[in-house]
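[1] What would the 3D arrangement of this be:
(chains A and B)
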Amino acid sequence: MASILETRSVTKKFGGFTAVDNVSLSVEPGEIRFIIGPNGAGKSTFFKLVIGIHSPNTGTILYKGQNIEKLKLHERINLGMGVKFQAPSVFSELTVLQNLSLANNRKDSLKVNDLLNDFSLEKEKNNLAGDLSHGKKQWLDIALSTISKPDLVFLDEPTAGLSLDETKLTGEIVKNLNKQGITFVVVGHDMDFVKQTASKVSLLHLGKMFIEGSVDQVLSDKGVNDIYLGLS
Amino acid sequence: MVFLFNIFYQFGDSLAFLLLAAIGLAVIFGMMKIINLAHGEFITVGAYGTVVSGKVFNLPLPIAMAFGVIVTIIFGLILEKYIIRYLYGRPLDSVVATWGISLIVSQSFLVIFGPSYEGLQTPMGNFRLGEFSYSEYRIFLIFFALFILFLLYYLFMKTSFGTLARATIENPAISSSMGVDVKNVYSVTFAIGAGLAGVTGALYAPTMTIVPSIGQAFIVSAFITVVTAGASPFVGLVPAAAFLGTVQTSVTFFYKSTFGLIAILCAVILIIRYLPNGFSGLILKKSK
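    I've put the predicted structure just below:
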């Protein structure tokens, strides 16, 4: 099957520091791919490279076979991608419904009422997004990135600051959206969330791709344990 | 009766002036947070566009006014593309840049058109009430100012474009992540602000002596009205202009126009002191 997202030998340097070093990755349609790694592994930089906030020094980024390195963020979104940043990014001065209607820019979008129900936002639909709790802001943000039913959605730390129950529900929502045809690339290091949700995991370490595989393969690798324990 | 109408006329004239001076700036400064010291020059471009097209091409006044507005929109779009675009989020830099633009534009008008330009005749006519004569055009301006403010409120608060513009200006990164071309939204919004300043210039062109510094007559009134309106200018503009207009009219009525201007400035200082979020802050707080 053709990859929906592919990076070939992507490198990003900041001065003399190499944040992402020759990383190649291939994501198949229908996956929920997690990019994990300890702090400083290069996850966030890699995330910013694939969504268009940073440009790679070398390497190629392909979306459905199309080279997208030169495209800006909004142009990549209009190709059929969705993005959720690490901090909840909602328009705080607009209501929940206004936020959703702004993000809803495709005819075959997901239904607003279904999303409100799935994300437990029905009661707050007319409230200002700025007045929502942190957890509900995170959910609204995920809803904003998925409402247009993009083919590929990038989520950066979607469970940051969520309780265990909220994290579990977030995993269920992501899996449900995945069943509806959305491929996910998720940056994070919440291992419970990874185990619950991931179909495949890629681990970055010191900017390089260290290992790829199923959740069990990656988490049972001795090198991975050493990395997380700070032994390598 | 005549006394009351006279008060209404003076108040309405002051209200219209403050509103029309402020509408363009309400978008560019109130919404977009660009401290546009060239706002007066946008008004100047609108005024000259109207008068020059009216004189040179012998256009009827409404067409000449439309021409003046279009010229100002084009002028605004060019400025936005080549200068202002790089100043979003840099308010202090925008002060210096727009001040420079203001000087260049006013001096250019001086060089091209000379120290004054023959104006257009004020349209409509006058009517008498008691011993006083009143301009019908000034009455028209009062209602037109309120109408255009209503249109502006509707555009930015009730339409999907307005929601998109407000949202994009609040957080361009989120808009971009929704596939919005942020640069286009900023350009169009800035052009609307410039066009509104052009409307002001076009409307007042037949009532004023056309000089390169014509816009300077509006700039102070524009800034104090937008600042007094507060964080949500489209909500606060009418009460701000009504309050300032009342202060100015009252003091001018009993003393002189100079004291009216002093009173208006004192009123603004008090408003900023006691209502830091302006009239819109007060209104939105009460509506919650």
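[2] In chain A, which residue sits closest to chain B?
    With Cβ to the nearest Cβ as the measure, A:I77 is the residue of chain A nearest to chain B, at 3.6 Å. C-betas here are computed from N, CA, C, even on glycine.
[3] Just confirm A:S24 contacts A:V10, I think it does.
    Yes - counting by Cβ atoms under 8 Å, A:S24 touches A:V10, with 7.3 Å between them.
[4] quick one: buried residues of the helix-or-strand element of chain A with minimal mean pLDDT?
    Taking mean pLDDT, DSSP states H and E as the measure, chain A has helix A:222-228 as its least confident helix or strand, at a mean of 76. For helix A:222-228, burial by neighbour count (16 or more other Cβ atoms under 10 Å in any protein chain shown) applies to A:V224, A:I227, A:Y228.
[5] Could you tell me the phi and psi values at the closest residue to B:N277 other than its chain neighbours?
    Nearest in space to B:N277, with sequence neighbours left out and distances taken as Cβ to Cβ, 6 or more residues apart in numbering or on different chains, is B:G230 at 4.8 Å. Per-residue torsions, B:G230: phi 100, psi -160 (degrees, to the nearest 10).
[6] ok, now B:Y117?
    Dihedral angles (degrees, to the nearest 10) for B:Y117: phi -130, psi 140.
[7] Distance of the closest residue to it other than its chain neighbours relative to B:I35?
    Among residues not flanking B:Y117 along the chain, B:I210 sits closest, at 4.2 Å (Cβ to Cβ, 6+ apart). Going from B:I210 to B:I35 by Cβ to Cβ, to the nearest Å gives 27 Å.
[8] for B:L59, same thing?
    B:L59 sits at a distance of 34 Å from B:I35 (criterion: Cβ to Cβ).
[9] which of these two has more neighbours?
    B:I35 (20 against 17; other Cβ atoms under 10 Å in any protein chain shown).
[10] residues in contact with the more buried one?
    B:F29, B:P91, B:S94, B:V95, B:T98 (Cβ atoms under 8 Å, 6 or more residues apart in numbering or on different chains).
[11] Weed out the non-buried ones from those.
    Counted by 16+ other Cβ under 10 Å, the contacts of B:I35 give B:F29, B:S94, B:T98 as buried.
[12] my read is the second one is in a helix, agree?
    This points to B:S94. Yes - under DSSP: H, G, I helix; E, B strand; the rest coil, B:S94 falls within a helix.
[13] didn't it look like it was pressed against B:Y86?
    No - the criterion here is Cβ under 8 Å, and B:S94 misses it with B:Y86 at 9.5 Å.
[14] Looking at A:S24 and A:V10, which has the bigger crowd around it?
    Comparing A:S24 with A:V10 by other Cβ under 10 Å, the one with more neighbours is A:V10, at 24 against 13.
[15] so where do the helices sit in the chain?
    In the absence of a named chain, chain A is used. Using DSSP state H, the helices of chain A run over A:43-51, A:73-78, A:96-103, A:112-118, A:134-146, A:164-179, A:191-197, A:215-219, A:222-228.
[16] that's the wrong chain, I wanted chain B
    Using DSSP H, helices in chain B cover B:2-25, B:39-56, B:61-82, B:91-113, B:136-158, B:160-170, B:172-177, B:182-204, B:216-229, B:233-254, B:257-274, B:278-287.
[17] rank those by mean pLDDT and give me the bottom one.
    Note on the helices of chain B: lowest mean pLDDT is at helix B:278-287, with a mean of 81.
[18] Run through who's touching stretch A:101-121.
    In contact with stretch A:101-121 (Cβ under 8 Å, 6+ apart) are residues A:91, A:94, A:96-97, A:100, A:122, A:125, A:132, A:136, A:139-140, A:142-149, A:169, A:173, A:176, A:180, B:160, B:163-164, B:167, B:175, B:178-179.
[19] Now do the same for residue 35: its pLDDT.
    By default, I'm working from chain A. As predicted, A:I35 sits at a pLDDT of 93.
[20] sorry, should have said chain B
    91.
[21] And for A:V185?
    Reported pLDDT for A:V185: 95.
[22] For burial, what's the neighbour tally of A:N127?
    Residues near A:N127, counting by other Cβ under 10 Å: 14.
[23] Quick check: it touching A:T95?
    Yes - if you go by Cβ under 8 Å, A:N127 and A:T95 touch, sitting 6.3 Å apart.
[24] among the helices of chain A, which gets the worst mean confidence?
    Among the helices of chain A, helix A:222-228 carries the lowest mean pLDDT, at a mean of 76.
[25] helices or strands up against it?
    strand A:200-205, strand A:208-213 (3 or more Cβ pairs under 8 Å, 6 or more residues apart in numbering or on different chains; DSSP states H and E).
[26] before we move on, the earlier item: so can I have TSV of the buried ones among the contacts of B:I35 showing distance to chain A?
    Below are these laid out as TSV (distance: Cβ to the nearest Cβ, whole Å):
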residue	distance to chain A
B:F29	18
B:S94	22
B:T98	26
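[27] Out of those, which comes closest to A:V153?
    B:S94 (36.4 Å; Cβ to Cβ).
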